[in-house]
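> Show me the folded form of this:
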Amino acid sequence: MKEKILIVDDIAVNREILASMLEGLYQIIEASDGGQAIDILKSENDGIALVLLDLIMPKVDGFAVLQFMKDAGIFARVPVIVISADSDANTERECLKLGASDFIRKPFDNMTVKNRVKNLAELFVYKNKLEDFVKVQTEGLDRQNKLLEQQSNRIKAVNEKVTEVLGTIVEYRHFESGNHIKRVKGFTRILAKKISQKYPEYNLTPERIEVISDASVLHDIGKISVKDSILFKPGKLTFDEFDQIKMHTTKGYEMLCRFTDVWGEEYADAAKKICRWHHERDDGRGYPDGLKGDQIPIEALLVSIADVYDALTTKRVYKDAFEMDKAFNMVLDGECGEFSPKLLNCFCEVKGQFEDLARKFKEAEVEVYTKGR
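Next comes the predicted model:
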């Protein structure tokens, strides 16, 4: 199908001259004034390859047509060559400013007009086809990206369930309800958000906070390797037994090293750091490696406070639960080891949020117990 050229001139002989030059090469559409040209552009702007436009016309002149095309955004797809007897350079500048692609003065050379029309029309036809192709490809990529995002979300949800199951297995062995890992995950997220606000040097982006929170559920996975007689011992542990307990950090780390390819690199890295070092303390008196201060990764620091607070405020086989105020002060006073001053500062600011979360889980457990009776 031939490309359409719109010739706009109020003098019929001028239209005939231009049409005869382009006859056989293009499908010619004629308009005898600016108003008619605008009507044609409104109905067929996607089908017009180029406009040859006279300026001086009664009623609606060429400048009005140019202004309409500019306002309507038509210049992006349809070029205009202005043909005028006006020799004033300001006229040409004004036309080009409005959006015209070229300006030819009368009297014109037939071959010049023919070649400029050909070059400009071909350029814009190619440009428009390329833009249409890019648009189709972009829409296709957008659809594929949405599908990939949906698949990624499904995989992420499955992975989260798998990790929660793994963490819950440990808690059930330890006669926990399975909510310990959920509470630790919640405490970790709360504390991490506050740290991100006050200490940007830790680079805790929303995405990274979610990764760390999700990975926290595996902090005690190494307890699978600890004997039941030690895990369930109600009395005080011997030194040898405590050494066995402490090994859950390195055993868990070794286990997670084998699963690095199962999860994404960022998640696996966070999980390994948490598992190995969530019992390290700021003064270097923690275990297993005696790290101190900034040697301890932020991932492990966050979970260390979350884990200790939950251990204090819940009943365990070897102790009753402490009141939340008492547990809070025990953490601040270093009764559970020295923590980073920055983390303790933020811990103080989220005290209420920690307590709200702890109450929420306690109320849920009471409700489940009541319904089960």
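> How is this protein divided into domains?
4-136, 174-372 (the TED database).
> What's the end-to-end length of the first one?
This means domain 4-136. 24 Å (CA to CA, to the nearest Å).
> right, so of the domains of the chain, which gets closest to residue 153?
domain 174-372 (12.5 Å; CB to CB). For glycine as for every other residue, the C-beta is placed from the backbone atoms N, C-alpha and C.
> average model confidence for that closest one?
Mean per-residue pLDDT for domain 174-372: 89.
> can you check stretch 107-115 too?
85.
> show me the residues around the nearest residue to residue 60 once chain neighbours are set aside that make contact.
Distances taken as CB to CB, 6 or more residues apart in numbering put residue 34 closest to residue 60, at 3.1 Å, once the chain neighbours are dropped. Shown in contact with residue 34 (CB atoms under 8 Å, 6 or more residues apart in numbering): 8, 57, 59-62, 64-65.
> Let me see the confidence value for residue 34.
On the pLDDT scale, residue 34 is placed at 94.
> For the helix or strand in which residue 208 is found, which helices and strands make contact with it?
Secondary structure assignment for residue 208, by DSSP states H and E: helix 206-215. With contacts taken as 3 or more CB pairs under 8 Å, 6 or more residues apart in numbering; DSSP states H and E, helix 206-215 sits against helix 110-173, helix 179-198, helix 265-277, helix 298-313.
> Residue 181 against residue 221, yeah?
No - in this structure residue 181 lies outside contact range of residue 221 using CB atoms under 8 Å: 9.8 Å.
> quick revisit: least confident pick among the contacts of residue 34?
Within the contacts of residue 34, lowest confidence goes to residue 59 (88).
> where's residue 278 relative to residue 185, distance?
Counting by CB to CB, to the nearest Å, the gap from residue 278 to residue 185 is 13 Å.
> quick one, which of these two is more surrounded?
In this view residue 278 and residue 185 are compared by other CB atoms under 10 Å, and residue 278 has more residues nearby, 27 against 23.
> which residues does the more buried one contact?
219, 249, 300, 303-304, 307 are the contacts of residue 278 under CB under 8 Å, 6+ apart.
> Distance check, residue 344 against residue 311.
Distance of residue 344 to residue 311, given as CB to CB: 17 Å.
> Same question for residue 244.
In terms of CB to CB, residue 244 sits 18 Å off from residue 311.
> Would you mind measuring from the residue lying closest to residue 314 once chain neighbours are set aside to residue 310?
Spatial nearest neighbour of residue 314, chain neighbours left out: residue 321 (5.2 Å); criterion: CB to CB, 6+ apart. Distance check for residue 321 against residue 310: by CB to CB, it reads 10 Å.
> Over to residue 244?
From residue 244 to residue 310 the distance is 22 Å (CB to CB).
> Likewise for residue 179?
9 Å.
> Show me which of these two is the more surrounded one.
Using other CB under 10 Å as the criterion, residue 179 and residue 310 rank with residue 310 on top: 23 against 18.
> Would you check that that one makes contact with residue 183?
Yes - assessed by CB under 8 Å, residue 310 is found in contact with residue 183 at 4.9 Å.
> shared neighbours of the two, anything?
What both residue 310 and residue 183 touch, as defined by CB under 8 Å, 6+ apart, is the set residue 358.
> From the contacts of residue 34, list just the buried residues.
8, 57, 60-62, 64-65 (16 or more other CB atoms under 10 Å).
> Dump the residues you listed into CSV; add distance to residue 357 and secondary structure as well.
As requested, the buried ones among the contacts of residue 34 are exported to CSV (distance: CB to CB, whole Å; DSSP: H, G, I helix; E, B strand; the rest coil):
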residue, distance to residue 357, secondary structure
8, 72, strand
57, 76, coil
60, 70, coil
61, 72, coil
62, 71, helix
64, 67, helix
65, 67, helix
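> Would you reformat those residues as JSON lines and include distance to residue 317?
JSON lines is the format used below for these (distance: CB to CB, whole Å):
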{"residue": "8", "distance to residue 317": "91"}
{"residue": "57", "distance to residue 317": "96"}
{"residue": "60", "distance to residue 317": "91"}
{"residue": "61", "distance to residue 317": "93"}
{"residue": "62", "distance to residue 317": "91"}
{"residue": "64", "distance to residue 317": "88"}
{"residue": "65", "distance to residue 317": "87"}
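> How are the helices of the stretch 201-350 of the chain distributed by residue range?
Listed in chain order, the helices found in the stretch 201-350 of the chain under DSSP state H, counting those that start in this stretch are 206-215, 228-231, 239-257, 265-277, 298-313, 324-332, 341-349.
> Can you name every helix or strand that the longest one contacts?
Counting by 3+ CB pairs under 8 Å, 6+ apart, the packing neighbours recorded for helix 239-257 are helix 228-231, helix 265-277.
> Compute the inter-axis angle for the longest one and helix 206-215.
The directions of helix 265-277 and helix 206-215 differ by 50 degrees, with axes from the mean of the first three to the mean of the last three CA atoms, to 10 degrees as the criterion.
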